[in-house]
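Colleague: from the sequence below, what's the structure:
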Amino acid sequence: FIQPMFTRGVRKRHLGGFGATILNDVAGPNKEFTAQALTVTGAWNIQLDRNGRNVISMALQGGAGQQRVSYDNLHWSSQYSEPGGFDPSLPGEASMNNVRMFRPLINTGFIWSYNPRKSKSSKEGISIYNGVAFNNLARSKSYFPGASGDRSSIVKVHGGFTAPISKHLEIS
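Modeller: Numbering: from 1, shown residues only. Alright, predicted model coming up:
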């Protein structure tokens with residue numbers, strides 16, 4: 001869900017917005033791996049000039065997530081026999097417990113964008129943007145048994161451009 005926020009009046013300005021995300025990811029042939037999360041996000045735009053051509057956007061996202069590994073549903077090499085193939089009655093890895101890990105989620109980022117087409121005098125031009133995002137700021141323990149250390153924070157640097165080719169086509 002995303003809800004943008006605008007100023008009222010004759011000249012509407014995009015102030016930012018807020019939103020929410022629900023994630024339910026199930027993977028594996030026997031649904032061994034699941035990830036679920038709920039996050040809320042707020043974003044704010046700062047216009048650096050009167051026409052809104054230069055904008056810095058900042059966002060903060062917070063929530064909670066849960067990951068689960070169901071070792072009971074995995075197929076282990078010890079459960080295969082030569083005459084019959086996979087035999088679920090044979091024991092698997094007994095030392096593995098089903099693991100469920102709950103963790104906080106905190107992400108943030110900002111982006112600068114320049115769009116000369118926001119001016120009435122400039123219908124053409126290349127729009128550019130550059131930004132950085134920081135994920136996993138609330139570092140949590142790994143959910144794999146016996147693993148040491150925290151999950152790493154992630155830094156993503158991104159950028160790009162959009163250039164019009166014709167009235168109905170642009171390249172990005």
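Colleague: from here on, contacts and neighbour counts on C-alpha atoms
Modeller: Fine.
Colleague: and Asn115, how many neighbours?
Modeller: When neighbours are counted by other Cα atoms under 10 Å, Asn115 registers 20.
Colleague: with Leu137 instead?
Modeller: Neighbour tally, Leu137, other Cα under 10 Å: 17.
Colleague: that one against Gly109, yeah?
Modeller: No: Leu137 is beyond contact range of Gly109, at 11.1 Å (criterion: Cα atoms under 8 Å).
Colleague: so what sits against both of these two?
Modeller: Between them, Leu137 and Gly109 share no contacting residue under Cα atoms under 8 Å, 6 or more residues apart in numbering.
Colleague: ok, the least confident helix or strand in the chain by mean pLDDT: who's next to it in the sheet?
Modeller: The weakest-scoring helix or strand in the chain, judged by mean pLDDT, DSSP states H and E, is strand 80-81 (a mean of 76). Next to strand 80-81 in the sheet, as set by DSSP bridges, lie strand 85-86 (antiparallel).
Colleague: next SSE downstream of the partner strand?
Modeller: Counting by DSSP states H and E, the next helix or strand C-terminal to strand 85-86 is strand 99-114.
Colleague: output the contacting helices and strands for that next one.
Modeller: Applying 3 or more Cα pairs under 8 Å, 6 or more residues apart in numbering; DSSP states H and E, one finds that strand 99-114 makes contact with strand 54-69, strand 127-135.
Colleague: hang on, Arg139 in a strand?
Modeller: No: under DSSP: H, G, I helix; E, B strand; the rest coil, Arg139 sits outside any strand and is assigned coil.
Colleague: quick check, Arg117 in a helix?
Modeller: Yes: counting by three-state DSSP, Arg117 is located in a helix.
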